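Asker: with the sequence up front, the predicted model follows.
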Amino acid sequence: MIKETLNARRLLCPLPVIRTQDKVKQLKAGDLLEVICTDPGVMQDIPAWCRINGHKVVETSVDNHEYIIILEVGS
Amino acid sequence: MSKQRKAVALISGGLDSMLAAKTIMDQGIHVEGINFFTGFCVEGHTHAIRQQDKNKPNRNNALWVAEQLGIKLHIVDVIEEYKKVLINPKHGYGAYMNPCLDCKIFMVNKAKQWIVENDFDFIITGEVIGQRPMSQTKSKMPIVAKQSGADDLLLRPMCAKNLPATLPEIEGWVDREKLHDITGRSRKPQIEMAKQFGIDEYSQPAGGCCFLTDKAYSTKLVDLWKFQGTKDYELDDIMLLKVGRHIRPQANYKLIIAREEGEGRFLEGYKKEFISMHCLSHTGPLALVDGTLSAEDLYFAARIVARYGQGRYAELVDMNVMDKEGIARVIQVKPFSEEEILKEWHV
């Protein structure tokens, strides 16, 4: 299992979702991806994208206008 | 056993494409959604930036629709490829800078490429004859099918009965009798159909979901092209056209002035690419300077920006001016009066 970080700061939705989608394609089931964003819309959109595509949101947090989502890649 | 047929649905996030997908899913077809991001999508960006839009649902409607339907959604970044559509549309622009017919041809063509690569059988869209004056007329629909290369693999479930049969209908993959015959701009048939499907929440797409159908946005895009001397753009250019008050007092520069806190925070992210300024002695907005300007221009620009802060009636205000390297200096200026900021400067 690996953990990678994706910098999606300054990108507006759906670009953080697209970048997440592209990054997840390079990962394996069980890998973790931390996505760091500044668009609050990701708190809805990335979990929705994960639900649709069989991935799991492990953790979400907000820190000084940054929105951080950790997801686990599904099979 | 017959082969499981698969269709890709162009999902905009509005009701029509949702109903079109649902209609085909109900016929036992495996449907997945596709959504193309051109850089000009309205809703998400506006409320992501502006505080005043925070009461709207903070979601991507295409994703939301896909989740309601229980289908996968593939969001495709077409920002670079879309430039040639917008810069030189074969079929021209609509009322503003919207190249709707070329845009539809482009997206259906991309969907055609996608079904070939992913072993899907056909494409569906939520198009309705007569709903859009430029791209959704009975005469334009064959143009989209032909010029996109999709031909009879393009099925429009919402108005299929008013169009020649497509391959999925001819081959019996879908039952033409269970498709629809909606025409015109009325939303009543779609709202009734949504009720029948048990869909009680959906976004209202009739106002358009693209900034290029917006007069104010289109004016700013034309201004950008005129003063940079070329019809071209980068993603940041078109993002910044969505934000702030744009004031061009001279040909060599433009000011982008935040209208509220959310916009100010968004513009903060561009301080390494532009000269920026804000008022130090009073509360005031952040402004970016797009262009090159002389020392005299800089004072002039600062007087404009000062007008939009709490110090607008002060004799003098302190303005912090920062260059792209982050080196700041403070200049004192007298804010312009309302009358001194000419209407024609507003882009």
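Answerer: It's in. Residues are numbered from 1 along each chain as shown, chains lettered A, B, ... in the order given.

Asker: up against chain B, what does chain A have?
Answerer: A:9-10, A:12-15, A:17-18, A:21, A:38-41, A:43-45, A:48-49, A:51-53, A:65 (C-beta under 8 Å from any C-beta of the partner chain). All C-beta atoms are positioned from the backbone trio N, CA, C, and that covers glycine.

Asker: separate out the buried members of those.
Answerer: Those of the residues of chain A next to chain B that meet the buried threshold are A:10, A:12-15, A:17-18, A:21, A:38-41, A:43-45, A:48-49, A:52-53, by 16 or more other C-beta atoms under 10 Å in any protein chain shown.

Asker: enumerate every residue touching the residue nearest the centre of chain A.
Answerer: Central residue of chain A (C-alpha atoms, centre = their mean): A:Val35, 4.3 Å from the mean position. Residues in contact with A:Val35 (C-beta atoms under 8 Å, 6 or more residues apart in numbering or on different chains) are A:Thr5, A:Leu6, A:Ala8, A:Pro16, A:Arg19, A:Thr20, A:Val42, A:Ile46, A:Ile68, A:Ile69, A:Ile70, A:Leu71.

Asker: which residues does the fourth one contact?
Answerer: To tie it back to what came earlier, the one meant is A:Pro16. Listed by C-beta under 8 Å, 6+ apart, the contact set of A:Pro16 reads A:Ala8, A:Val35, A:Cys37, A:Asp39, A:Val42, A:Asp45, A:Ile46.

Asker: now swap in the second one and tell me
Answerer: When the contact criterion is C-beta under 8 Å, 6+ apart, the partners of A:Leu6 are A:Arg19, A:Thr20, A:Lys23, A:Leu33, A:Glu34, A:Val35, A:Ile36.

Asker: partners of it in the sheet?
Answerer: With DSSP bridges applied, A:Leu6 shows beta-bridge pairing to A:Val35.

Asker: what about it, distance to chain B?
Answerer: 14 Å (C-beta to the nearest C-beta, to the nearest Å).

Asker: one more: the third one?
Answerer: Distance, A:Ala8 to chain B, using C-beta to the nearest C-beta: 12 Å.

Asker: these two touch, right, that residue and A:Gln21?
Answerer: No - the criterion here is C-beta atoms under 8 Å, and A:Ala8 misses it with A:Gln21 at 11.3 Å.

Asker: look up phi and psi at the residue in chain A sticking out farthest from the centre.
Answerer: Ranked by distance from the centre of chain A (C-alpha atoms, centre = their mean), the top residue is A:Asn64, with 17.9 Å. Dihedral pair for A:Asn64: phi 50, psi 60, per degrees, to the nearest 10.

Asker: and B:Pro142, how many neighbours does it have?
Answerer: Other residues near B:Pro142 come to 13 when the count uses other C-beta atoms under 10 Å in any protein chain shown.

Asker: who touches the residue farthest from the centre of chain A in this structure?
Answerer: By C-beta under 8 Å, 6+ apart, the contact set of A:Asn64 is empty.

Asker: could you check how far it is from A:Arg10?
Answerer: 14 Å (C-beta to C-beta, to the nearest Å).

Asker: how close does B:Ile124 get to B:Leu155?
Answerer: Counting by C-beta to C-beta, the gap from B:Ile124 to B:Leu155 is 5 Å.

Asker: who are the contact partners of residue 38?
Answerer: In the absence of a named chain, this looks at chain A. Applying C-beta under 8 Å, 6+ apart to A:Thr38 gives the contacts A:Arg9, A:Arg10, A:Leu11, A:His65, A:Glu66, A:Tyr67, B:Gly269.

Asker: nope, chain B please
Answerer: Residues near B:Thr38 by C-beta under 8 Å, 6+ apart: B:Val78, B:Ile79, B:Tyr82, B:Leu86, B:Cys103, B:Cys210.

Asker: between those residues, which has the most around it?
Answerer: Most neighbours among those, by other C-beta under 10 Å: B:Cys103, with 24 neighbours.

Asker: so that residue, which state does it fall into?
Answerer: Of the three states, B:Cys103 takes helix according to DSSP: H, G, I helix; E, B strand; the rest coil.

Asker: what segments of chain A are helices?
Answerer: Assigned by DSSP state H, chain A shows helices spanning A:15-25, A:42-53.

Asker: Throw those helices into CSV and include mean pLDDT and distance to B:Gly244, thanks.
Answerer: Shown next, in CSV, are those (pLDDT from 0 to 100; distance: least, C-beta to C-beta, whole Å):
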stretch, mean pLDDT, distance to B:Gly244
helix A:15-25, 95, 20
helix A:42-53, 94, 22
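
Asker: quick one: which of the ones you listed is nearest B:Thr292?
Answerer: Nearest of the helices of chain A to B:Thr292, taken as C-beta to C-beta: helix A:15-25 at 29.2 Å.

Asker: just the pLDDT at residue 13, thanks.
Answerer: You didn't pick a chain, so chain A it is. Looking at A:Cys13, its pLDDT is 85.

Asker: try again with chain B
Answerer: Confidence at B:Gly13, expressed as pLDDT, is 89.

Asker: could I get the contacts of B:Thr38 in TSV, plus columns for secondary structure, pLDDT and distance to B:Ile182?
Answerer: Formatted as TSV, the contacts of B:Thr38 follow (DSSP: H, G, I helix; E, B strand; the rest coil; pLDDT from 0 to 100; distance: C-beta to C-beta, whole Å):
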residue	secondary structure	pLDDT	distance to B:Ile182
B:Val78	coil	96	28
B:Ile79	helix	95	32
B:Tyr82	helix	97	28
B:Leu86	helix	97	29
B:Cys103	helix	95	22
B:Cys210	strand	87	22
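
Asker: now the residue of the stretch 151-300 of chain B found nearest chain A. Its backbone dihedrals?
Answerer: As assessed by C-beta to the nearest C-beta, chain A sits closest to B:Gly269 within the stretch 151-300 of chain B, at 4.5 Å. The phi/psi pair for B:Gly269 (degrees, to the nearest 10) reads phi -70, psi -10.

Asker: does it really touch A:Arg10, like I thought?
Answerer: Yes - counting by C-beta under 8 Å, A:Arg10 is a contact partner of B:Gly269 at 4.5 Å.

Asker: so how far is chain B from the residue nearest to the centre of chain A?
Answerer: From A:Val35 over to chain B the distance is 15 Å, taken as C-beta to the nearest C-beta.

Asker: now swap in A:Val73 and tell me
Answerer: Computed as C-beta to the nearest C-beta, the A:Val73 to chain B distance reads 15 Å.
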